[in-house]
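Q: Based on what follows, work out the 3D shape:
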Amino acid sequence: MTKLKLGPIPDDKPVKITLDLPAGVHRDLVAYGEALARETGQTHEPAKLIAPMLARFMATDRAFAKLRKEKRSVSRGPAPGSQSA
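A: Below is the predicted model of the structure:
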């Protein structure tokens, strides 16, 4: 069996958002949900797959991780005790 990128989806308090998806993306979400149900035994409506998919995408995007790391470094400012010229 193919190993999907998503595993079991935790039950978490959602933030409501509304968006329009192309029909093909919706069909793919339905198919992905069916494959996930076969692999994990959990069934989810397609909309419930979007957040974990986006989270997984952002967690594995190296360029995004680099930008977040750089932003954190800048927002912290110089370390205490460091000298500026």
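
Q: Contacts for stretch 33-40 next, please.
A: By CB atoms under 8 Å, 6 or more residues apart in numbering, the surrounding residues in contact with stretch 33-40 are M1, T2, L4, L6, G7, P8, Q42, T43, H44, E45, P46, L49. C-beta coordinates here come from the backbone N, C-alpha and C atoms, glycine included.

Q: Buried subset of the residues you listed as a ChimeraX selection?
A: Written as a ChimeraX command, the selection of buried residues from those, which uses 16 or more other CB atoms under 10 Å, is:
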select :6,44,46,49
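
Q: need the contacts of stretch 33-40 in CSV with distance to F57 and pLDDT, can you?
A: Converted to CSV, the contacts of stretch 33-40 look like this (distance: CB to CB, whole Å; pLDDT from 0 to 100):
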residue, distance to F57, pLDDT
M1, 22, 61
T2, 18, 69
L4, 14, 77
L6, 11, 77
G7, 15, 79
P8, 18, 81
Q42, 20, 88
T43, 22, 90
H44, 17, 87
E45, 20, 91
P46, 16, 92
L49, 12, 92
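
Q: now, which of the contacts of stretch 33-40 lie within strands?
A: Using DSSP state E, no member of those falls within strands.

Q: Which pLDDT value goes with the spatially most central residue of the chain?
A: The residue lying closest to the centre of the chain (CA atoms, centre = their mean) is A55, at 0.9 Å. For A55, the model assigns a pLDDT of 90.

Q: all helices of this structure, in order?
A: For the chain, helices defined by DSSP state H occupy the ranges 23-40, 47-59, 62-76.

Q: which residue sits closest to L29 in space, ignoring its chain neighbours?
A: In space, and not counting its chain neighbours, L29 is closest to P46: 3.7 Å by CB to CB, 6 or more residues apart in numbering.

Q: So the one you found is in contact with V30, correct?
A: Yes: at 5.3 Å, P46 and V30 qualify as touching, with contact defined as CB atoms under 8 Å.

Q: hang on, the earlier thing: measure the residue nearest to the centre of the chain to V30 for me?
A: Distance, A55 to V30, using CB to CB, to the nearest Å: 20 Å.

Q: Where does pLDDT dip in the chain?
A: In the predicted model, the chain carries pLDDT under 70 at residues 1-2, 77-85.
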